[in-house]
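Chemist: model this:
(2 chains)
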Amino acid sequence: MTNVVSRFAPSPTGLLHAGNYRTAVFAYLFAKHKGGKFIIRIEDTDQARSKPEYETPIFEVLKWLNIQADEQYRQSEHRTRHRELLKKLVADGTAYISKETPQAPGDREEVIRFRNPGGAVTFTDVIRGEITTDVTDLGDFIIARSLDEPVFHFAVVVDDADEGVTHVIRGGDHISNTARQMLIQRALALPTPLYAHLPLILDSNHKKLSKRTGAKALTEYRDAGILPEAMLNYIAFLGWNPGNEREYLSRDELIKSFDISRVQKGSALFDEVKLFSVNQHWMRKLSDSNFLAHVLDVPRPTSDVGRGTSYNSEILLKVMPLLKERAKTFKEAREMLVGELSFFFTEPKLDKNLLMANGPKERLGGMTKLALESLLEPIKDLKNGVSANTVKESIMPIADAEEQKWKGGKGAVLWPLRYALSGQERSPDPFTLISILGTEESVSRIRKAIAILGE
RNA sequence: GGCCCUAUCGUCUAACGGUUAGGACGAGAGCUUUUCAAGCUCUAAACCCGGGUUCGACUCCCGGUAGGGUCACCA
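Modeler: Numbering: from 1, shown residues only, chains lettered A, B, ... in the order given. Reported below is the predicted structural model:
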């Protein structure tokens, strides 16, 4: 098989979801694996429903996913050609102009119908094997509303042939369209490409992914801070696998190992949880500064409006490793900056009870104060920029000593310390906090906690 | 309903006649740990059912069941 040509032929009548782009991804991977051409054709024959605003995101997403077309077409540009062939079919009697009674608004008084020869049509699907359809019950189906308005079935057949498409890779929902399209091909004496019908991607209700039932446009995932590598990786693995146990493949690796014969026949469910986990994997491969750039690329969360937080850039970079181990999307990371990790940038408000939360309150008030005071000097002695581990080495002994003295556990020291620094019931460990905040800020926050305990 | 397609853990999947049915996500437990997150270890979890074929079926065939797709002057 030389000169493989595959195509992605979306119609700009709505925002495209993961299922739509999955066919693009497979068609692309297939062509590139074979060293062939991948083309994009905008199917805008339905003038009434095709909208430019649906077209722009298609190219945006493909660019985001780094899926480049070798050639680009627009179906409406081929109108002359369509008209010519339509006339030919009508002239030789293969098709005819038929008088109609309009059933719905927009229906025509006359349309062009294909004279259906009937019988069985068989083709060998690359993925599913032999499929036979009895076309008799299709009747004389409509191929155009007028000479200038071909309908999908007619236009695809002509365009695929004119563009030299060798492999039609599309969703399984097209299986039942194939036979009638082949009928048109035969009438036009055009070659029949190879067909590969991909299993459908289903939503959590086990229905075909669809805008109407809430499938997200891919742009939404992009805007939520999903990495294109992750999206591509996840989508490629829906209904396909490389035949080994690797789960994370880069774009180039996908191209290299893509094998259409390994495509699944059964449909798969789109699982956001898994997508996020794949995304986390790719996020973690980024350098801290690159990671930060992505985080700041996410629009400021609405919860942050009016807070006027300005980030200390030095601390911001130090916080990145924490975000890396916690966030599954950049949006999530962005939200942590103004949420659970915002104390790095703005001084926390402390609650006396939470400060003493680690034991019986009467005794602990005094004890907590002593514990915090005992930490002041050792922390002052630390140099700025030391690692969390170094901080731990100098503070742990104190916690251990207190544990002996009060039998309250290390928590009697470490909890108030961590809370004084973060103001959060849950946060990274106190050593990490000190290493990021620096000694001066840490001491200042501990003093404030001590002051509160003295009230 | 007609026609067509499909069928392995909850989910994505491996297996291409002989395996203790493997991996990943998720879940649970433990370790670590002041807390959270991460990490590490472990556990639970599947061959839709019934007939064949075969020395032997998740794998092949048939039937059933279930699910999905499609039946437009949309693509």
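Chemist: in the helix or strand of chain A with the lowest mean pLDDT, what's buried?
Modeler: Least confident helix or strand of chain A, by mean pLDDT, DSSP states H and E, is helix A:361-381 with a mean of 78. Of the residues in helix A:361-381, A:Leu364, A:Gly365, A:Met367, A:Thr368, A:Lys369, A:Leu370, A:Ala371, A:Leu372, A:Leu375, A:Ile379 count as buried by neighbour count, 16 or more other Cβ atoms under 10 Å. All C-beta spots, glycine's among them, are computed from the backbone N, C-alpha and C.
Chemist: what's next to that helix, contact-wise?
Modeler: The contact list for helix A:361-381 (Cβ atoms under 8 Å, 6 or more residues apart in numbering) reads A:353, A:355-356, A:358-359, A:394-395, A:398, A:402, A:406, A:408, A:412-413, A:416-417, A:420, A:434, A:439, A:442-443, A:446-447, A:449-450, A:453-454.
Chemist: Kindly supply the PyMOL command isolating those of these that are buried.
Modeler: Restricted to buried positions by 16+ other Cβ under 10 Å, the PyMOL selection for these reads:
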select buried, chain A and resi 355+356+358+359+394+395+398+402+406+408+412+413+416+417+420+434+439+442+443+446+449+450+453
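Chemist: The least confident helix or strand of chain A and RNA strand B in contact?
Modeler: No. Helix A:361-381 does not reach RNA strand B (Cβ under 7 Å from any atom of the strand); its nearest approach is 12.0 Å.
Chemist: Mind giving me the packing neighbours of the very next helix or strand once past that helix?
Modeler: Sequence order places helix A:388-406 as the next helix or strand after helix A:361-381, per DSSP states H and E. In terms of contacts (3 or more Cβ pairs under 8 Å, 6 or more residues apart in numbering; DSSP states H and E), helix A:388-406 is packed against helix A:361-381, helix A:411-422, helix A:430-437.
Chemist: List every C-alpha atom in helix A:388-406, with coordinates, as CSV.
Modeler: What follows is helix A:388-406, C-alpha atoms only, in CSV (Å, rounded to 0.1, in the frame of the first residue of the first chain):
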residue,chain,number,x,y,z
ALA,A,388,13.2,21.2,53.7
ASN,A,389,15.4,18.4,54.8
THR,A,390,17.9,20.7,56.5
VAL,A,391,15.1,22.4,58.2
LYS,A,392,13.9,19.1,59.4
GLU,A,393,17.2,18.1,60.8
SER,A,394,17.4,21.1,63.0
ILE,A,395,13.8,21.1,64.2
MET,A,396,13.0,17.4,64.6
PRO,A,397,15.3,17.1,67.6
ILE,A,398,13.2,19.7,69.4
ALA,A,399,10.0,18.0,68.5
ASP,A,400,11.5,14.7,69.8
ALA,A,401,12.6,16.4,73.0
GLU,A,402,9.1,17.9,73.6
GLU,A,403,7.6,14.5,72.9
GLN,A,404,9.7,13.1,75.8
LYS,A,405,8.9,16.0,78.1
TRP,A,406,5.1,16.2,77.6
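Chemist: contacting residues around the closest residue to A:Leu316 other than its chain neighbours?
Modeler: Spatial nearest neighbour of A:Leu316, excluding adjacent residues (Cβ to Cβ, 6 or more residues apart in numbering): A:Leu292 at 6.5 Å. Going by Cβ under 8 Å, 6+ apart, A:Leu292 touches A:Leu316, A:Leu317, A:Met320.
Chemist: Which one of those is nearest to A:Val126?
Modeler: In terms of Cβ to Cβ, no member of the contacts of A:Leu292 lies closer to A:Val126 than A:Met320, at 45.2 Å.
Chemist: Help me confirm that the closest one is found in a strand?
Modeler: No. Read with DSSP: H, G, I helix; E, B strand; the rest coil, A:Met320 is helix and lies in no strand.
Chemist: Burial check on the residue lying closest to it once chain neighbours are set aside, number of neighbours?
Modeler: Using Cβ to Cβ, 6+ apart and skipping the chain neighbours, the partner closest in space to A:Met320 is A:Asp288 (4.1 Å). Neighbour count of A:Asp288, defined by other Cβ atoms under 10 Å: 15.
Chemist: residue of the stretch 301-450 of chain A with the smallest distance to RNA strand B?
Modeler: Per Cβ to the nearest atom of the strand, A:Asp429 is where the stretch 301-450 of chain A lies closest to RNA strand B, at 3.1 Å.
Chemist: Once you drop chain neighbours, what's closest to that residue?
Modeler: The nearest residue in space to A:Asp429 (Cβ to Cβ, 6+ apart) is A:Arg418, at 6.8 Å.
Chemist: count of neighbours near that neighbour?
Modeler: Count around A:Arg418 with other Cβ under 10 Å applied: 22.
Chemist: Wait, it touches A:Pro430, no?
Modeler: Yes. With contact defined as Cβ atoms under 8 Å, A:Arg418 reaches A:Pro430; the gap is 4.0 Å.
Chemist: What residue in the stretch 101-250 of chain A comes nearest to RNA strand B?
Modeler: Of all residues in the stretch 101-250 of chain A, A:Phe152 sits closest to RNA strand B, at 2.8 Å by Cβ to the nearest atom of the strand.
Chemist: ok, now which ones touch that residue?
Modeler: By Cβ under 8 Å, 6+ apart, A:Phe152 lies in contact with A:Glu43, A:Thr45, A:Asp46.
Chemist: ok, of those residues, which one's closest to RNA strand B?
Modeler: Nearest member of the contacts of A:Phe152 to RNA strand B, counting by Cβ to the nearest atom of the strand, is A:Glu43, at 2.9 Å.
Chemist: distance of the spatially closest residue to the closest one that is not a sequence neighbour from RNA strand B?
Modeler: Among residues not flanking A:Glu43 along the chain, A:Ser11 sits closest, at 4.2 Å (Cβ to Cβ, 6+ apart). From A:Ser11 across to RNA strand B, the span is 3 Å (Cβ to the nearest atom of the strand, to the nearest Å).
Chemist: Let's test this: mean pLDDT of stretch A:28-40, rounded?
Modeler: If you average the pLDDT over stretch A:28-40, you get 97.
Chemist: With stretch A:125-140 instead?
Modeler: Stretch A:125-140 shows an average pLDDT of 93 in the prediction.
Chemist: quick one: A:Leu414 and A:Ala399 touch, right?
Modeler: Yes. Between A:Leu414 and A:Ala399 there is a contact at 5.4 Å, judged by Cβ under 8 Å.
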